[in-house]
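Peer 1: Take a look and give me a structure for this.
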Amino acid sequence: MMADDYTFSVNKNMNQFELVVDEDNIAFLEFYTDGKKMFLNHTEVPVDLRGRGIAAKLVEKSLAYCRENNLIVVPACSYVAHFIDDNPQWNDVLSEGYQM
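Peer 2: Numbering: from 1, shown residues only. Just a heads-up that it's a prediction; the model follows:
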């Protein structure tokens, strides 16, 4: 299975974006919201699944969700900050002062 085949969802009860690989393997990106600001705090991929592009796909889908919902991203997670730095097409969703 490729990272494009996984199911993306927003788990508002757990405050995290999720990429479900199977029932035992879920990658997640924790968030905190304050008004229209979405603080992306921590990215976690199960150890057995690392190196497959899952974290990048999770962050990309999370940023797309933020863009579609007019949310302003604060990249509190270093992985998210590096991802945006490497993919400047996402700069438009960044909070002022976080332009990479």
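Peer 1: Which other helices and strands does the one helix or strand residue 56 maps to contact?
Peer 2: For residue 56, the element it lies in under DSSP states H and E is helix 54-68. For helix 54-68, the packing partners by 3 or more C-beta pairs under 8 Å, 6 or more residues apart in numbering; DSSP states H and E come out as strand 7-11, strand 16-22, strand 25-34, strand 37-44, strand 72-75, helix 78-86. Quick note: C-beta positions are derived from backbone N, CA and C, even for glycine.
Peer 1: Please work out the average pLDDT along stretch 10-26.
Peer 2: For stretch 10-26, the mean per-residue pLDDT is 93.
Peer 1: So which bits of it are buried?
Peer 2: For stretch 10-26, the neighbour count (16 or more other C-beta atoms under 10 Å) marks 16-19, 21, 26 as buried.
Peer 1: again, but for stretch 43-60
Peer 2: Those would be 43, 45, 49, 52, 54-60, for stretch 43-60 by 16+ other C-beta under 10 Å.
Peer 1: Least confident secondary structure element in this protein?
Peer 2: strand 16-22 (a mean of 93; mean pLDDT, DSSP states H and E).
Peer 1: Quickly run through the sheet partners of that one, with directions.
Peer 2: strand 7-11 (antiparallel), strand 25-34 (antiparallel) (DSSP bridges).
Peer 1: Pull up the distance across stretch 62-74, start to finish.
Peer 2: One end of stretch 62-74 to the other measures 12 Å (C-alpha to C-alpha, to the nearest Å).
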